[in-house]
Every structure is written in structure tokens, then in C-alpha cells.
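Chemist: need coordinates for the below:
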Amino acid sequence: MSHHLDTPLAAQTGQLFLDDLCVFAGENSTVFVMDVNSTVNGLHSEPSFHTEARYEFKVHFDGAEQEDLTYRVAFADPDADGRQPLRLHALTGDQARDDSADGEQLLRGRTGDIAQGQGVRLWAGRIKDWFYIDLGLLSKVNAAVNAGAAVDLSQWQPKDARNSFAGTTVDSIVLEVSHDHPRLRPGTQIGVWAATKLATDAGGWRQINRAGHPMMWPIFWPDDVQFTDPSDTQHVSQDVESDRKHIGEHIAASVAATGTSTDPTGYAQSVVRELFPDVLSYTVGTPASYSFVSRNGRTLADNAPEVMLSLVTGGAVLSGLSPATNQEMRTDQFPYVVPA
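Modeler: Numbers count the residues shown, from 1 in each chain. Take a look at the predicted model:
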């Protein structure tokens, strides 16, 4: 090989950085959306998916600690038109947790085209980024939570908010699975997370990054731009032991300093119980919504940043933006995103 896959530099690419994850109801189906490689961060690569990586949707059933279904997408080198051939595999049971397992190939296709068959549809390619937030607001909350200090938004005016993601693009994988699937039937309780994995020189696979709840990395690991935090590589089942304590302490200290709760420790513990393990919960077949009232999946329209910032600070944080901000970046037809 002309490069070494096991070096830290090999992993430092936007192609492996998970920007977003959504799960919501489609057309008699469940839709999974994974975004990587945003132009908004300094890790951005040329628009494409890593050809020596795997992009995986992990599905847990009924609150199980381990996933029992994995959808794995892999990409090859671009053809003469710049399109990348792709393959979709499904792995179930023990294979869903086994990097050496091949599973069942469901589809072959290429980026920019809709591939379908066996109760699934898949689209992957470059899109207009539908995410919206003013990063100036995020930086104010980040600084306070990480320092265990009071959140000072006295200089923040929601009416002046500007979407920092306006005009940016991102690579997206959209998978739609029919309700006829034997496990993904309406009413089923699932937990979903996404992972990127890179091939190793030894022939195995190394997890590089993962995503569950929105905004987790920007809020709790904002400086992890080189994938050095242990949380990147661990399984979600390890979250409770490794992350709840120290993140809870940060939230409690910040909430105490801000004065938004009479029991900062109790409040912080309720938040970390909600967020860890870092898995997006969803009831198949129901309207998805990541909101103040409920967190059931997540749609492309949800103002998840406002919800998350309010949750970790213990008080209402108005982002100044709304679902109308990104209405031109999403559609109600598959693949639900807008190609760039």
C-alpha cells in the first residue's frame, strides 16, 4: 500500500467524520440518514466517500445493549463520471456485531442514483447541508459547559442569528427500509447509532467515529477534530461507565453556576441518563420528533441544536432559527435530501 491505514493521519479526514444522524418515518418505511464530510469544518475532503472505509447504521431492539441489525455501506473508486460504485450489506444477530462477517448483500449501485430491491432503497451523494445553527451561540454554551461555568447569553440576540451552515454541502447516505422487514415493524422500539470504520494494515477494521444524539461531539468533545478521544472508538454500551460521570460533573457545575436548577447534580444525572448510551431512540412507524416535548427519532427539520443546548444548560436557549431555515434543503420524497 502507498499509505499506512493505522496511522492517526489516515483517520483525520472529513470522509470519516460523522456530522449528523436522523431516523424517521418514510413511505411505509423507516428512513436512516447519515451525513459525513461537511465543508463547514477544516477536515473537509474532496466530495466523496472513503474507499477503504465502512459506513454503518447500527440498530438495537427493545433497549438491548448490543445491536442486532447492521446496515453496512461501502464505496469503491470513482468511475469516469466521478460516481462511486457502492454496496449495501445487512448483518443480523451475532454478525451485526462482527467486523469479519460479510452478511447479505442487498444492493449494488453508485452515488447519485437510487438503488432499490429486497425492501430497501439507498441513495448516497453530495447534498446541500440541511443542518442549521449559529455557531456563535454554540461557542458560548461550549465554553461554559466545558469550564463548568455560568452560561452568559446576555450578549446573544436570537433575532440576529445567522445559519452558519448556509451554502455548505455534505456527503449523505440515505437508507429506507420497508415496514415489511421482519424486525422493523410498526410499534417496534429501536435504538440507532452510526459508525465509520477504517480498514487496518492487519486486515481488520478500526472504528473511527460514531454518532447518536445530535450535537454530542460539538458540545462535549468540541476539540476532538483528530479523533483522539477514546469515545470515538468505543461501543455505545461502554458509554455509561466511561462518560456519564465526568460529563455529568461538567453539566452540574455549569447549571449550578448559572442557577437554573435547585438541584444541579440531580438535574445533571437526569440529563446523562437521557443521553447515554449515545443512541437515538425511535418507535418504528410513529412521527419522529427531536423536541422539548419528546425525543423520538429525529427529522431533517427538527431544531435539535436548540433542544440540546437547552437540555445541557437547564434553561431555555433560543437559537433564533426554526425549521423554516432549512425548508429548501429537504423534501418529502425519497431521498428526502437535496443533491448539491
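Chemist: so where's the protein uncertain?
Modeler: The chain contains residues with pLDDT under 70 at 1-11, 42-44, 224-227.
Chemist: show me where it has helices.
Modeler: 8-11, 135-147, 216-220, 239-258, 264-275, 304-313 (DSSP state H).
Chemist: so which elements touch the longest one?
Modeler: What it means is helix 239-258. helix 135-147, helix 216-220, helix 264-275, helix 304-313 (3 or more CB pairs under 8 Å, 6 or more residues apart in numbering; DSSP states H and E). Any C-beta I mention is one placed from the backbone N, CA and C, and that applies to glycine too.
Chemist: rewinding a little: nearest to R83, of the helices of the chain?
Modeler: helix 8-11 (24.1 Å; CB to CB).
Chemist: how about the residue nearest to N146 when sequence neighbours are not counted, what does it touch?
Modeler: Nearest residue to N146, sequence neighbours excluded (CB to CB, 6 or more residues apart in numbering): H250, at 6.4 Å. H250 sits next to V145, N146, G148, F220 when contact means CB atoms under 8 Å, 6 or more residues apart in numbering.
Chemist: I figured the last one was touching E249, is that so?
Modeler: No - under the criterion of CB atoms under 8 Å, F220 is not in contact with E249, lying 11.7 Å apart.
Chemist: of the two, which one has the most company?
Modeler: A direct count of neighbours by other CB atoms under 10 Å for F220 and E249 places F220 higher, at 21 against 14.
Chemist: tell me how far that one lies from S322.
Modeler: For F220, the distance to S322 (CB to CB, to the nearest Å) stands at 25 Å.
Chemist: likewise S178?
Modeler: In terms of CB to CB, S178 sits 32 Å off from S322.
Chemist: of the two, who's got more company?
Modeler: The neighbour count for S178 versus S322, taken as other CB under 10 Å, is higher for S178 (16 against 13).
Chemist: distance check, that one against K58.
Modeler: 19 Å.
Chemist: for A256, same thing?
Modeler: Noted for A256: a distance of 35 Å to K58, by CB to CB.
Chemist: the more surrounded of these two?
Modeler: K58 (25 against 20).
Chemist: show me what contacts that one?
Modeler: E67, L69, T70, A96, V192, W193, A194, A195, V236.
Chemist: switch to 6 Å and redo it
Modeler: Listed by CB atoms under 6 Å, 6 or more residues apart in numbering, the contact partners of K58 are E67, T70, W193.
Chemist: A96 is in contact with the first one, correct?
Modeler: Yes - taking CB atoms under 6 Å as the definition, E67 is a contact partner of A96 at 5.0 Å.
Chemist: neighbour-wise, which of those two wins?
Modeler: Between E67 and A96, counting by other CB under 10 Å, E67 is the more crowded of the two (26 against 21).
Chemist: excluding chain neighbours, what is closest to that one?
Modeler: Closest residue to E67 apart from its sequence neighbours, by CB to CB, 6+ apart: K58 at 4.2 Å.
Chemist: bridging residues for the one you found?
Modeler: T70, W193 (DSSP bridges).
Chemist: ok, it to F32 distance?
Modeler: For K58, the distance to F32 (CB to CB) stands at 10 Å.
Chemist: kindly report the same for A90.
Modeler: 12 Å.
Chemist: what's the answer for V317, then?
Modeler: 28 Å.
Chemist: of those two, who's got more company?
Modeler: Using other CB under 10 Å as the criterion, V317 and F32 rank with F32 on top: 25 against 21.
Chemist: test my guess that the more buried one contacts V177.
Modeler: No - contact criterion CB under 6 Å: F32 and V177 do not qualify, at 7.4 Å.
Chemist: which parts of the chain are strands?
Modeler: Listed in chain order, the strands found in the chain under DSSP state E are 18-25, 29-36, 53-61, 69-75, 85-92, 104-110, 115-117, 120-128, 169-178, 189-199, 205-211, 280-283, 289-290, 295-296.
Chemist: mind listing residues that contact the longest one?
Modeler: It stands for strand 189-199. Taking CB under 6 Å, 6+ apart as the rule, strand 189-199 contacts 5, 11, 16, 18, 21, 23, 34, 52-62, 205-212, 236, 279-283.
Chemist: mind checking which of these are buried?
Modeler: Buried by 16 or more other CB atoms under 10 Å: 5, 11, 16, 18, 21, 23, 34, 52-61, 205-212, 236, 279-282, out of those.
Chemist: hey, what's the closest residue to D99 other than its chain neighbours bridged with?
Modeler: Leaving out its chain neighbours, the residue that sits closest to D99 by CB to CB, 6+ apart is W205, at 4.2 Å. On the basis of DSSP bridges, W205 takes part in beta bridges with A199.
Chemist: do the one 5 residues further on as well
Modeler: The partner list for R210 in beta bridges (DSSP bridges) reads A195.
Chemist: against G103, how distant is the residue nearest to D99?
Modeler: Applying CB to CB, the value for W205 to G103 is 13 Å.
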